[in-house]
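Asker: Provided below are the primary sequence and the corresponding predicted coordinates.
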Amino acid sequence: MSTKTLYTEQQVWGYLKEITDPEIPVLNIIEMGIARSVSIENEKIVVRITPTYSGCPAMNAIEKAVGEKLEEKGIQDYQVLLDYSEPWTTDWMTEEAKSKLKDYGIAPPEKTTKDEDFLKSLSGTKIVPCPFCDSFETELQSEFGSTACKSQYFCNSCHQPFEHFKCI
């Protein structure tokens with residue numbers, strides 16, 4: 001006997017909005033562009049998520065959190081699929097997400113297109129503005145920050161270390 005699906009795709013998107021990125025708790029997986037699609041297939045909820053980096057250690061936690069959230073909302077018939085059909089890009093992050101990153105003290109990524117080329121052309125190296133004081137007097141300390149998706153910078157104006165979310 002089949003049970004009618006009681007949930008809409010829009011409701012599931014609302015549930016996914018409640019799941020934060022384990023490495024950046026001020027952002028949810030929709031703002032990050034990790035949650036790519038929600039569909040209902042033969043009365044089963046199917047959620048597709050895309051990793052930010054191959055081998056991203058947070059993806060197992062995110063996949064588990066999606067399942068737990070759906071079950072918490074009463075959804076038992078679901079599938080969470082890791083979708084590698086398109087490589088994740090920082091362009092999938094919402095503008096609100098980038099603003100939240102800055103407020104959190106992480107320099108947000110720029111667009112991956114001409115913006116990055118323009119910034120590099122100014123000095124031959126990428127200029128990343130400080131998320132605390134907006135100064136361009138910053139310098140790269142390490143290509144790797146606390147996670148593979150971030151690099152470590154230092155601001156020579158306000159003397160604050162900060163991370164920059166790398167463009168992909």
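Answerer: Nice, thanks for sending it over.
Asker: can you tell me what sits against the helix or strand hosting Arg36?
Answerer: Using DSSP states H and E, the element containing Arg36 is strand 35-41. With contacts defined as Cβ atoms under 8 Å, 6 or more residues apart in numbering, strand 35-41 is touched by 5, 7-9, 12-13, 16, 19, 29, 45-50, 66, 83. In this view, the C-beta of every residue, glycine as well, is placed from N, C-alpha and C.
Asker: out of these, which are inside helices?
Answerer: 9, 12-13, 16, 66 (DSSP state H).
Asker: just the buried members of the residues you listed?
Answerer: Applying a neighbour-count criterion of 16 or more other Cβ atoms under 10 Å, the buried members of those are 12, 16, 66.
Asker: how close does the last one get to Cys56?
Answerer: It refers to Val66. Going from Val66 to Cys56 by Cβ to Cβ, to the nearest Å gives 15 Å.
Asker: about what we covered before: and which of the buried ones among the ones in helices among the contacts of strand 35-41 is nearest to Ser135?
Answerer: Checking those against Ser135 with Cβ to Cβ, the nearest one is Leu16 at 36.0 Å.
Asker: quick one: contacts for the closest one?
Answerer: Contacts of Leu16 by Cβ under 8 Å, 6+ apart are 28-30, 35, 38, 47, 66, 69.
Asker: quick one: which of those is most hemmed in?
Answerer: With neighbours defined as other Cβ atoms under 10 Å, the most crowded of the contacts of Leu16 is Val47; it has 26 neighbours.
Asker: contacting residues around that one?
Answerer: Per Cβ under 8 Å, 6+ apart, neighbours of Val47: 12, 16, 35, 37-38, 66, 70, 78-81.
Asker: what about the nearest residue in space to it that is not next to it in sequence, how many residues nearby?
Answerer: Of all residues not flanking Val47 in the chain, Val80 sits nearest, at 5.1 Å (Cβ to Cβ, 6 or more residues apart in numbering). As a burial measure, Val80 scores 17 neighbours (other Cβ under 10 Å).
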